[in-house]
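>>> Attaching a predicted model along with its sequence, questions to come.
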Amino acid sequence: MAWIVLEGESPAGLLMLRQGADEAEILTLGVRPQYRRKNLASRLLETGCATLETRGVTTLFLEVSVRNDAAVALYLKLGFALCGRRKAYYPDGSDASVLSYDLTSVTR
Ligand SMILES: CC(C)(COP(=O)(O)OP(=O)(O)OC[C@H]1O[C@@H](n2cnc3c(N)ncnc32)[C@H](O)[C@@H]1OP(=O)(O)O)[C@@H](O)C(=O)NCCC(=O)NCCS
């Protein structure tokens, strides 16, 4: 599944998810620099999670570099929890944090 958020006619952000049975993972999330800190990533994730719920998904996973302060802050703010770490996961040698989000605990 994928969503693109537009600002006017310009693509500003992208979210790609993959579902396997009752689990899903974030493949890609990105917002173009000039559109950051406008809640676009938050809105993309909210939209994605709402769709996953309707498809019977209970847990959403992702990997993020421990050096990616912006993304880690975003996910923690939205209620994702740390559930693992992959050593030297990225080409620059940085570790990945594995985060999960419990979709069954969401009240909309
Ligand atoms: C991470 C990223 C997707 C965030 O997109 P965004 O649209 O700017 O995020 P939002 O505006 O929804 O941010 C929501 C909250 O996340 C946190 N956050 C986002 N960017 C942050 C930053 N640079 N520093 C600190 N906290 C940040 C804040 O708590 C923010 O709330 P606030 O603006 O009220 O303080 C964006 O910076 C990006 O595209 N980065 C490069 C690609 C990337 O790292 N993708 C994630 C890979 S797992």
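Done, it's in.
>>> Next secondary structure after the helix of greatest length in the chain?
The helix that spans the most residues within the chain, counting by DSSP state H, is helix 40-54. Going down the chain from helix 40-54, the next helix or strand is strand 59-65, by DSSP states H and E.
>>> So for that next one, mean pLDDT?
Throughout strand 59-65, pLDDT has a mean value of 98.
>>> And it, what's buried?
By neighbour count on 16 or more other CB atoms under 10 Å, the buried set for strand 59-65 is 60, 61, 62, 63, 64. Just so you know, the C-beta spots here come from the backbone N, C-alpha and C atoms, and that holds for glycine as well.
>>> Out of those, the closest to the ligand would be?
Closest approach to the ligand among the buried residues of strand 59-65 (CB to the nearest ligand atom): residue 64, at 4.0 Å.
>>> Could you measure from that closest one over to residue 21?
Using CB to CB, to the nearest Å, residue 64 is found at 23 Å from residue 21.
>>> pLDDT wise, what is the residue nearest to the spatial centre of the chain at?
Centroid-nearest residue in the chain, with CA atoms, centre = their mean: residue 26, separated by 5.1 Å. Note for residue 26: predicted pLDDT of 98.
>>> and the gap between it and the ligand?
Distance from residue 26 to the ligand, counting by CB to the nearest ligand atom, to the nearest Å: 7 Å.
>>> residue contacts, that residue?
15, 16, 17, 48, 60, 61, 62 (CB atoms under 8 Å, 6 or more residues apart in numbering).
>>> Right, I'll call it a day here.
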